[in-house]
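*Asks:* With the input below, show me the fold.
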Amino acid sequence: MGDSTNSYILCLRSAYIIHLLAMPRFGFITALVLSLGVATTGAAAADPLELRGEVSRGDTLVHRFDHDGAGYEFRLVPTGGGWTIWIGDPMQRDQNYVTAVTPPFRGINPAVIQGWHFRNRDNTGPNEPGDGNVNAPQMERRFAFVRDSAGYQAAQEALEVLLWPGERSEENVRNAENQLALVPRIEGAMRIEALELGNLVAGEQAHVERMAFRISLELP
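*Replies:* Now for the predicted structure:
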């Protein structure tokens, strides 16, 4: 398995180290869970769930977690020159709870990490303030996700009206805005702690070779 890559993720809130073996070429992921034997107190359970990890280009990283009686899956899914943050029900992979309530719903989204976000427009240098820069999220990225499939469906119905209003009345659009605002959601944040870019060729698009990150989910 010369093309396989090891990825590691540490769940700080629980008493487990989760070793994820990402094998994009073979299309599956193996997880080995090692108990540290440390009890989780009631106070700790109220803290945000924090995940730390590192991925290389093409890796898919997965971590399952439970909250309020429901099972969720956190994923970094390879997309273009980087990854998309995916959170949802592991049995419903077509429903990304993040994209349902993380704006902007058109254009560059903070839940999608691409190498060219960190370079200027012609890929001749880093993305810095001034002419030729790219208006994209950088190392700090905030996002949200719905709590369940019902919330996902409600958000999608509202977005269908808001993104393609067509001949719909102003009242219908206002109702859709209210519906989207009322969908229960959980806030999260990603901090990119280290980044290595590739394809730094003028006129082309950079991609992410490696990324170390920290995820914080504000579970109520």
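*Asks:* Do a quick rundown of the helices in this protein.
*Replies:* Applying DSSP state H to the chain gives helices spanning 42-45, 149-163, 170-182.
*Asks:* What's the local residue count around the residue nearest to Met190 when sequence neighbours are not counted?
*Replies:* Spatial nearest neighbour of Met190, chain neighbours left out: Arg141 (4.5 Å); criterion: CB to CB, 6 or more residues apart in numbering. The way it works is simple: take the backbone N, C-alpha and C, and place the C-beta from them, glycine included. If you count neighbours by other CB atoms under 10 Å, Arg141 ends up with 22.
*Asks:* quick one: Arg141 from Trp83, how far?
*Replies:* Applying CB to CB, to the nearest Å, the value for Arg141 to Trp83 is 11 Å.
*Asks:* hey, what's in contact with both of those two?
*Replies:* Shared contacts of Arg141 and Trp83 (CB atoms under 8 Å, 6 or more residues apart in numbering): Ile113.
*Asks:* For the residue nearest to Met190, which residues are in contact?
*Replies:* Neighbour list for Arg141: Pro110, Ala111, Ile113, Ala189, Met190, Arg191, Ile192 [criterion: CB under 8 Å, 6+ apart].
*Asks:* Please repeat the previous calculation with a cut-off of 7 Å.
*Replies:* Pro110, Ala189, Met190 (CB atoms under 7 Å, 6 or more residues apart in numbering).
*Asks:* Give me the subset of these lying in strands.
*Replies:* Counting by DSSP state E, the part of the contacts of Arg141 found in strands is Ala189, Met190.
*Asks:* Could you dump the contacts of Arg141 into CSV and include pLDDT?
*Replies:* What follows is these, written out as CSV (pLDDT from 0 to 100):
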residue, pLDDT
Pro110, 98
Ala189, 97
Met190, 98
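*Asks:* Go through the contacts of Arg141 and name the one nearest Met91.
*Replies:* Of all the contacts of Arg141, Met91 sits closest to Met190, with 24.6 Å by CB to CB.
*Asks:* I'd say the closest one and Met211 touch.
*Replies:* No. Between Met190 and Met211 there is no contact under CB atoms under 7 Å: 9.8 Å.
*Asks:* What score does the residue nearest to Met190 have for pLDDT?
*Replies:* What the model reports as pLDDT for Arg141 is 98.
*Asks:* any weak-confidence spans in the chain?
*Replies:* By pLDDT under 70, the weakly predicted segments of the chain are 1-47.
*Asks:* Find the centremost residue of it, please.
*Replies:* Centroid-nearest residue in the chain, with CA atoms, centre = their mean: Ile85, separated by 1.8 Å.
*Asks:* Out of the helices of the chain, the one nearest Val62 is which?
*Replies:* Set against Val62 and scored by CB to CB, those come closest in helix 149-163, at 19.1 Å.
*Asks:* Output the contacting helices and strands for that closest one.
*Replies:* Using 3 or more CB pairs under 7 Å, 6 or more residues apart in numbering; DSSP states H and E as the contact test, the elements touching helix 149-163 are helix 170-182.
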